[in-house]
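Undergrad: Provide a 3D model corresponding to the input given below.
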Amino acid sequence: MLRRWMSLMTVPIVGWPVAAAGEPVVGRPAVHYYGAHGQGVRLYWRVEPPEVVLGNTFTATLVIERVANPQAVQMPDLRQIEAFASRFEVVESQADRAATTPGEVRFIYRLRLRRQEVEDVPGLPFYYFNPAAPEGKQYVLTAAAAVPLRVLPPATPPQAVEPLDILAQWLAMLEASRTPAATGQPGWLAWLLAAAAGPLLAIGCRQLVRRLWPDAVRLGRWQRSRLARQAWRELRAAAHSPQPLAAAVAALHRYLQARLALPPGAVTPLEVAARLADAGLPPKLAARVVELLRQGDAARFQPNSSMTTEHAEGGRYSRLVVEVLVELEERLPCG
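TA: Numbering: from 1, shown residues only. Down below sits the predicted model:
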């Protein structure tokens, strides 16, 4: 009987929390514990941008510092936390464990507001395991403080504007000006038409050029952009660089960082995609930009690439960058 009782004591209990090596099971928190180890662990939210238009997305990055095991920390699922699920829709989430600072891990969330009454990104409770603390006090509670968020009402869609038919108005004015011709003196409308004929003709020619050569118009708008001209010069110089592919990728990064007003170093595909979506660009164009960033990063770090391959890939990549820049300059506000 004693032997049978002892055998039953060794059977594992289903549903009991499984702790990592060195973690005591007793006292382990049931919620808000994500497996972080360390001493003096701290965390905070970084919200970009601080002002969000209802319906647009924004990026909330949870930064956790002084972690002894950054690769083992689990990403909090905001969909399962009521304070976040009631305020935001989680569009995309990504873990960045390759931080330059040792002991740091970042969890990047792309969020969309559910209602305009939201005032902040709420605080997040966070337990971590401190192996140096006395027994019974090794699970320490900290939290990321709430961050204020200003929600702006959605922009009203622009009203459709009737296209200006310059030629029809010109002919109508010409017909009306013939009325006082019987008196032998030109009417005031005739004088007005004579004065406006030059500007009207110039506008009509401009509209005709836009209709017949739309690519030339797009190229002209792109060339007038200061940032686009700078990127074009850098892409041309990249062709004569010892590493043309790396130079072309760097030119694209600098253009996107300045054109989209991204913070320094924030040119990851996820952050660029979020900012392009906020700018109202078509999803297909945003996807092309993100794919260019990923292709550039993958090609730069490809091992055993020869000098010939480097130059060939650099030329192909530069051509793709120019095509995307022309379309971006057509759709983004003048810069």
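Undergrad: contacts and neighbour counts: CA atoms only from here.
TA: Noted.
Undergrad: Buried ones in the host helix or strand of Y255, by neighbour count?
TA: Element membership of Y255 [criterion: DSSP states H and E] is helix 244-259. Neighbour-count burial for helix 244-259, counted by 16 or more other Cα atoms under 10 Å, picks out 244-257, 259.
Undergrad: any low-confidence regions in the stretch 1-150 of the chain?
TA: For the stretch 1-150 of the chain, residues meeting the criterion pLDDT under 70 lie at 1-21, 99-100.
Undergrad: can you do 50?
TA: Low-confidence segments of the stretch 1-150 of the chain, defined by pLDDT under 50, are located at 1-18.
Undergrad: any idea where the helices of it begin and end?
TA: Ranges of helices in the stretch 1-150 of the chain, per DSSP state H, counting those that start in this stretch, are 2-9, 82-85.
Undergrad: Other residues contacting the last one?
TA: Contacts made with helix 82-85 from outside it, assessed by Cα atoms under 8 Å, 6 or more residues apart in numbering, are listed as 78-79, 121-122.
Undergrad: Could you report the distance from N56 to G123?
TA: Computed as Cα to Cα, to the nearest Å, the N56 to G123 distance reads 22 Å.
Undergrad: Please read the previous query as pertaining to L260.
TA: 28 Å.
Undergrad: again with E104
TA: Applying Cα to Cα to E104 and G123 gives a distance of 19 Å.
Undergrad: So for these two, which residue has more residues nearby?
TA: Neighbour comparison, E104 and G123: the larger count goes to E104, with 22 against 15 (by other Cα atoms under 10 Å).
Undergrad: so what's the closest residue to that one other than its chain neighbours bridging to?
TA: Of all residues beyond its chain neighbours, the one nearest E104 is E65 (4.5 Å), with distances taken as Cα to Cα, 6 or more residues apart in numbering. Note on E65: beta-bridge partners by DSSP bridges are R42.
Undergrad: check contacts around E65.
TA: E65 neighbours (Cα under 8 Å, 6+ apart): 41-43, 103-105.
Undergrad: if you set the cut-off to 6 Å instead, what comes out?
TA: For E65, the contacting residues are 41-42, 103-104, taking Cα atoms under 6 Å, 6 or more residues apart in numbering as the criterion.
Undergrad: Please apply the same query to G103.
TA: Under the criterion of Cα under 6 Å, 6+ apart, the contact partners of G103 comprise 65-68.
Undergrad: what does S318 give?
TA: Residues in contact with S318, defined by Cα under 6 Å, 6+ apart, are A248.
Undergrad: Distance check, it against F129.
TA: Where F129 is concerned, S318 sits at a distance of 49 Å (Cα to Cα).
Undergrad: And R87, by the same measure?
TA: Separation of R87 from F129 (Cα to Cα): 30 Å.
Undergrad: Compare neighbour counts for the two and give me the winner.
TA: More neighbours surround F129 than the other of R87 and F129, with 25 against 20 (other Cα under 10 Å).
Undergrad: I'd say the more buried one and Y139 touch.
TA: Yes - counting by Cα atoms under 6 Å, Y139 is a contact partner of F129 at 4.7 Å.
Undergrad: what do the two both touch?
TA: Shared contacts of F129 and Y139, defined by Cα under 6 Å, 6+ apart, are absent.
Undergrad: tell me the mean pLDDT over the helix or strand hosting A202?
TA: Under the assignment given by DSSP H and E, the secondary-structure element containing A202 is helix 188-212. Rounded to a whole number, the mean pLDDT of helix 188-212 is 67.
Undergrad: Equivalent analysis for stretch 281-299, please.
TA: Throughout stretch 281-299, pLDDT has a mean value of 81.
Undergrad: Any buried residues in that stretch, and which?
TA: The neighbour-count criterion (16+ other Cα under 10 Å) identifies 285-286, 289-290, 292-293, 296, 299 as the buried residues of stretch 281-299.
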